[in-house]
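In: Quick one, what's the 3D model for this:
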Amino acid sequence: MGVIAGWRQQRAEKEAAATVAVLRQRAERLRQLARVGEGEQVLAEAVRVAEAVFPQTSAPVFAARRDRAHTLFQLQRVAEGEAEVRDLLASATKVPDLPAAWTSALRLTLAQALLLQARFAEAEAEARMAAAEEEHTGSVSGPLLLALVAAVAGQGRHAEATAEADALSDSLQDGPLDRLRLRSLRGVQLMYLGRLEEAVAEHRAVAKEATALSGQPAAYVRLMAQHNLAAALLELDRMPEAAAEAQAGMTSAARRGPNFGYPAFLFQVLLARLHNRSGEHAEALRVAEQALAGRPEPSQLADDEERAHAVRVEALRGLGRTAEAEAVSHASFESLARRHGPSHYRTLAAETLLGRCVAQTRVERREEALTLLRGNVASWRTHFGAQHPRTIRAERALDAVEAAVEAGAESAG
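Out: Here you go, the predicted model:
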């Protein structure tokens, strides 16, 4: 390359780098204004500008593509975002002088995207690789620790997730919010393990501490802790306390607008559960269906939607609409089995409910229900142990059907 050509290339690179930097800043401002779609278009232009001048394995191209990948995830274009991040990770070793923190941040982004798709084992693998990369710097970020614990918890390894949260809490290098998020996630695991009084204390403490902090993120953490507190109180049959927390949380979430649509949805489902527990099945059905109709960002809520359908099933059973209840329950079970596999704790919980529905539909189908529930109990024992609260719950459902079959046989005799 001649001197003049080299000078022109240098000038073109300098101008392109400046343009890319301006476009990335503009996209960030748009993101802060919740105009993420416009921001993605700006970043696509930044990628085009960078690729026109720089090699594919250059830092300016890498940075623009990385920012756009983050935006794709925000827009729920998860498949596109995942493909972009995987391509970036594959090419990262070819980028000269690329900061090590960039690759660990990309792995975190990928882990978070996999969590949204309930691909928990893959998310755990990416989070552990990112943690190994970050450990070389002497610290691990709060969001990464949260992703790791959530990935373990999502696979039903609740005791291990609780232990991970306890072990990692002292490693958090970020502000108080990430510590509260980790404690809140730990509290949820305590609920799954049946340690409900501990869960109540943890969620109450998190909500109180989050209230003392300012800003939308702190308010979000507080509302999620309040929801979990109400859910734990419901499991303890402390109905008036649970109802008070759920109603107050629902009012607060609705008042804060669309950015709080997810906690508002969860509070609605919880209120529907409270109606079921009180025998108000028609109202429970109405509230659950209202929650499903107004749910936000459906791609993030697949499992939570199934929880809402479980509330619908209980309401339909309570109203004597047993055939409808079984149909909804069967569809929910199949959806969870496709998403998580047959031995995941959410799939098994849906199978337990389906067995109860089959038993209630017609007397002559109780043998079918027995077969289904015996297999379900065996799976709970194999994968989660005899002392797991959900195993015990499945055993009680089986005992109830066996007692009904025996009573029917005695009356027939």
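In: Quick check: buried residues in stretch 47-62?
Out: Residues of stretch 47-62 classed as buried by neighbour count (16 or more other CB atoms under 10 Å): 47, 49-51, 53-54, 58-62. All C-beta spots, glycine's among them, are computed from the backbone N, C-alpha and C.
In: Also stretch 247-256?
Out: Neighbour counts over stretch 247-256 (16+ other CB under 10 Å) mark 249-250, 252-253, 256 as buried.
In: Closest one of these to residue 321?
Out: Nearest to residue 321 out of the buried residues of stretch 247-256 is residue 250 (CB to CB; 26.3 Å).
In: quick one, what contacts the closest one?
Out: For residue 250, the contact set (CB atoms under 8 Å, 6 or more residues apart in numbering) comprises 264, 267-268, 271.
In: Counting neighbours, which of these comes out on top?
Out: The most crowded member of the contacts of residue 250 is residue 267, carrying 27 neighbours; neighbours defined as other CB atoms under 10 Å.
In: Skipping adjacent residues, who's closest to that one in space?
Out: Once flanking residues are discounted, residue 267 sits nearest to residue 250: 3.8 Å by CB to CB, 6 or more residues apart in numbering.
In: domain ranges for this protein?
Out: Per automatic domain parsing, the structural domains of the chain span 9-91, 160-236.
In: Mind telling me which of the ones you listed the model trusts least?
Out: The weakest mean pLDDT among the domains of the chain belongs to domain 9-91, with a mean of 86.
In: residues contacting residue 118?
Out: Counting by CB under 8 Å, 6+ apart, residue 118 touches 154, 302-303, 339-340.
In: re the thing from before, now name the helix or strand holding the residue nearest to residue 267.
Out: helix 239-255 (DSSP states H and E).
In: so how far is that helix off the chain centroid?
Out: For helix 239-255, the gap between its own C-alpha mean and the chain's C-alpha mean amounts to 21 Å (CA atoms, centre = their mean, to the nearest Å).
In: Next, find the distance separating the closest residue to residue 128 other than its chain neighbours from residue 166.
Out: Take residue 128 and drop its neighbours on the chain: the residue closest to it by CB to CB, 6+ apart is residue 148, 6.7 Å away. Distance, residue 148 to residue 166, by CB to CB, to the nearest Å: 13 Å.
In: on that earlier part again, mark which of the contacts of residue 118 are buried, thanks.
Out: Buried among these by 16+ other CB under 10 Å: 154, 339-340.
In: would TSV of those residues with secondary structure and distance to residue 360 be doable?
Out: Below are those laid out as TSV (DSSP: H, G, I helix; E, B strand; the rest coil; distance: CB to CB, whole Å):
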residue	secondary structure	distance to residue 360
154	helix	31
339	helix	26
340	helix	25
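In: where along the stretch 301-413 of the chain do the helices fall?
Out: Counting by DSSP state H, counting those that start in this stretch, the segments of the stretch 301-413 of the chain that form helices are 302-318, 322-340, 345-361, 366-384, 389-412.
In: Now do the buried residues in the last one.
Out: Okay, so that is helix 389-412. For helix 389-412, a neighbour-count test (16+ other CB under 10 Å) marks 389-391, 394-395, 397-398, 401-402, 404-405 as buried.
In: taking the residues you listed as a set, which two sit the farthest apart in space?
Out: 389 and 405 (25.1 Å).
In: wait, which of the buried residues of helix 389-412 is closest to residue 26?
Out: Lowest distance from residue 26 to the buried residues of helix 389-412 (CB to CB) belongs to residue 390, with 49.6 Å.
In: Put the alpha carbons of the helix or strand containing residue 111 into CSV.
Out: Taking DSSP H and E as the criterion, residue 111 maps to helix 100-116. C-alpha atoms of helix 100-116 as CSV (Å, rounded to 0.1, in the frame of the first residue of the first chain):
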residue,chain,number,x,y,z
ALA,A,100,-11.0,-10.3,28.6
ALA,A,101,-14.0,-8.7,30.3
TRP,A,102,-15.8,-8.5,26.9
THR,A,103,-15.9,-12.3,26.4
SER,A,104,-17.1,-13.0,30.0
ALA,A,105,-19.8,-10.3,29.5
LEU,A,106,-20.9,-12.0,26.3
ARG,A,107,-21.1,-15.3,28.0
LEU,A,108,-23.2,-13.7,30.7
THR,A,109,-25.5,-12.2,28.0
LEU,A,110,-25.8,-15.7,26.4
ALA,A,111,-26.5,-17.3,29.8
GLN,A,112,-29.3,-14.8,30.5
ALA,A,113,-30.8,-15.4,27.1
LEU,A,114,-30.7,-19.2,27.7
LEU,A,115,-32.4,-18.7,31.0
LEU,A,116,-35.3,-16.9,29.3
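In: Pull out the buried positions in that helix.
Out: Quick answer for helix 100-116 (16+ other CB under 10 Å): 102-116.
In: Counting by contacts, list what that helix packs against.
Out: With contacts defined as 3 or more CB pairs under 8 Å, 6 or more residues apart in numbering; DSSP states H and E, helix 100-116 has these neighbours: helix 59-74, helix 78-91, helix 120-135, helix 142-154.
In: mind putting those helices in JSON lines, distance to residue 225 included?
Out: Listed next are the helices and strands packed on helix 100-116 as JSON lines, based on distance: least, CB to CB, whole Å:
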{"stretch": "helix 59-74", "distance to residue 225": "24"}
{"stretch": "helix 78-91", "distance to residue 225": "27"}
{"stretch": "helix 120-135", "distance to residue 225": "23"}
{"stretch": "helix 142-154", "distance to residue 225": "14"}
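In: Alright, I will stop here.
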